[in-house]
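# Pasting the sequence and the predicted coordinates here, then a few questions.
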Amino acid sequence: DGGITQSPKYLFRKEGQNVTLSCEQNLNHDAMYWYRQDPGQGLRLIYYSQIVNDFQKGDIAEGYSVSREKKESFPLTVTSAQKNPTAFYLCATRTDPRYGYTFGSGTRLTVV
Amino acid sequence: DQQVKQNSPSLSVQEGRISILNCDYTNSMFDYFLWYKKYPAEGPTFLISISSIKDKNEDGRFTVFLNKSAKHLSLHIVPSQPGDSAVYFCAAPLNRDDKIIFGKGTRLHILP
């Protein structure tokens, strides 16, 4: 069954620690994206990658890092430099322009 | 600069009546407009799209209208059902191979 898998669903992190969110896809899509959702803020783009070994900063990249070593995987690291990391994180791949993205089910990160 | 705007954070509609969600945009170069539906703690799912060369697209209970001169689109849901209670995002691809710009979303409450 094709899709996007984000893990874990819920993640707790202590302040000052880095944490990596996983995103795996078996849709064979080239482009992958990371968004962050906060209440009242909509979806804000963190990073995106259109091909393996290449990625670009989105609108709110500060405090985050990514890698794209394989087509199927696009992990996001939330570093200790991210001032407000508590949020819902969404990974997506790009399909036909008429349909936009396919999203994963998200990871809720809470800093304690 | 917000290129896609949803000015109503929330909307309440009686079950069985029509729900109308509005979206304004500033970039006249958008080729497509997309609507996504999102339940809490889940990823958004694609709902319906419209090409910039059309003024209407219909899919079952969902119809999207596009007024290019006013740079305005709207999503109509008729009749509204309890399962329609969700956050709805208006979005537009910046170009064919690039990122998608999202509005901040409108939370729709369907009242019994």
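Happy to help now that I have it.
# who's in contact with the closest residue to residue B:18 other than its chain neighbours?
Counting by CB to CB, 6 or more residues apart in numbering or on different chains, residue B:18 lies nearest to residue B:78, which is 4.7 Å off, once chain neighbours are set aside. For every residue, glycine as well, the C-beta is placed using N, CA and C. Counting by CB atoms under 8 Å, 6 or more residues apart in numbering or on different chains, residue B:78 touches B:18-19, B:61, B:63.
# Same question for residue A:6.
With CB under 8 Å, 6+ apart, residue A:6 has these contacts: A:21-23, A:89-91, A:104-107, B:43.
# State the pair within those that is farthest apart.
Maximum pairwise distance among the contacts of residue A:6 (CB to CB): 14.4 Å, between A:22 and B:43.
# center of chain A - which residue?
Nearest residue to the geometric centre of chain A (CA atoms, centre = their mean): residue A:34, 3.1 Å.
# right, and residue B:50 touches residue B:62 too?
No: applying CB atoms under 8 Å as the test, residue B:50 and residue B:62 come out as separate, 10.8 Å apart.
# Same drill for these two, tell me which one is more crowded.
Taking neighbours as other CB atoms under 10 Å in any protein chain shown, residue B:50 and residue B:62 compare with residue B:50 leading, 21 against 17.
# Quick check: buried residues in stretch B:75-92?
By 16 or more other CB atoms under 10 Å in any protein chain shown, the buried positions in stretch B:75-92 come out as B:75-77, B:80, B:84-92.
# So which of those are in strands?
B:75-77, B:86-92 (DSSP state E).
# and which of those is nearest residue B:11?
Using CB to CB, residue B:88 comes nearest to residue B:11 of those, at 8.9 Å.
# Tell me what that closest one is bridged to.
residue B:37, residue B:106 (DSSP bridges).
# Might one say that it is in contact with residue B:34?
No: Residue B:88 lies out of contact with residue B:34 (CB under 8 Å); the separation is 10.8 Å.
# any idea how far the residue lying closest to residue A:98 once chain neighbours are set aside lies from residue B:106?
The shortest distance from residue A:98 to any non-neighbouring residue, by CB to CB, 6+ apart, is to residue B:49 (5.2 Å). Residue B:49 sits 17 Å away from residue B:106, going by CB to CB, to the nearest Å.
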